[in-house]
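**Student:** Provided below are the primary sequence and the corresponding predicted coordinates.
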Amino acid sequence: MAISINWSTYVISVPIADLGIVSTGLYELDVEDFRRALKDIEDSDVGMSFPDTHRRNAPVTLSGTQYAQTFEILAPYTVEFEYQGTPYSVRVVGGNHNIADRKVVNPVSLIIGNSAGLITVATGGSSGPSAGDIASAVLAALEAARIPVNVKEVNDTDVVGDGSEGDPWRASGVQP
């Protein structure tokens with residue numbers, strides 16, 4: 001059995017036999033191999049009449065560093081890993097992907113392995129609080145709160161005193 005698509009439900013089925021075995025209960029899915037299998041299905045007489053299954057951005061080299069490809073399963077498609085009665089894990093390698101977002105829930109677990117590197121954060125039309133505003137708010141909240149501390153020892157030395165002016169905190173044996 002090979003990777004297939006149920007065109008009436010848009011479920012992409014991945015048989016356990018199409019996964020690389022790493023060890024007992026651990027298999028591997030290479031994003032590039034998966035993409036090629038889906039492209040072959042899309043290029044078939046039947047597949048050509050259906051929407052694309054995925055979008056891919058090829059690896060790119062910037063300033064001498066190669067960044068991995070990205071691979072996105074498109075809606076309405078979902079991905080179902082074959083379950084044969086015994087739970088197993090699938091480690092996805094070879095690119096950043098959204099397979100976990102599009103996976104059919106079953107006892108097969110996914111080890112994602114994405115690496116974001118630099119991400120883009122949309123700021124939209126409104127501006128939220130700055131990092132300084134957030135830090136100031138956190139500091140103000142801490143200063144306003146009473147944090148219960150029961151110091152008995154610091155660096156393996158007993159601490160004595162009650163913290164007042166007449167009896168300040170100090171190492172045991174040290175006079176105020």
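**Tutor:** On my side now, so go ahead.
**Student:** doesn't residue 138 fall inside a strand?
**Tutor:** No - looking at residue 138 with DSSP: H, G, I helix; E, B strand; the rest coil, it is helix, so not inside a strand.
**Student:** what's the domain layout of this structure?
**Tutor:** The chain resolves into domains spanning 4-111, 132-171 when parsed by automatic domain parsing.
**Student:** So which residues of this protein form helices?
**Tutor:** Secondary structure of the chain, counting by DSSP state H: helices at 31-42, 99-102, 131-144.
**Student:** And the last one, how far out from the chain middle?
**Tutor:** Meaning helix 131-144. For helix 131-144, the distance from its own C-alpha centre to the chain's C-alpha centre is 29 Å (C-alpha atoms, centre = their mean, to the nearest Å).
**Student:** Same check on the shortest one?
**Tutor:** What separates the centre of helix 99-102 from the centre of its chain is 11 Å, taken as C-alpha atoms, centre = their mean.
**Student:** what pLDDT, on average, does it get?
**Tutor:** The pLDDT scores in helix 99-102 average 96.
**Student:** Quick check: residue 104 touching residue 10?
**Tutor:** No - with contact defined as C-beta atoms under 8 Å, residue 104 does not count as touching residue 10 (10.8 Å). Glycine gets a C-beta too; all of them are placed from N, C-alpha and C.
**Student:** Touching both of the two, which residues are there?
**Tutor:** Contact criterion C-beta atoms under 8 Å, 6 or more residues apart in numbering; residues shared by residue 104 and residue 10: residue 78.
**Student:** Tell me which residues are up against the helix or strand of the chain with the lowest mean pLDDT.
**Tutor:** The helix or strand of the chain with the lowest confidence, counting by mean pLDDT, DSSP states H and E, is strand 153-154 at a mean of 72. With contacts defined as C-beta under 8 Å, 6+ apart, strand 153-154 is touched by 159, 171.
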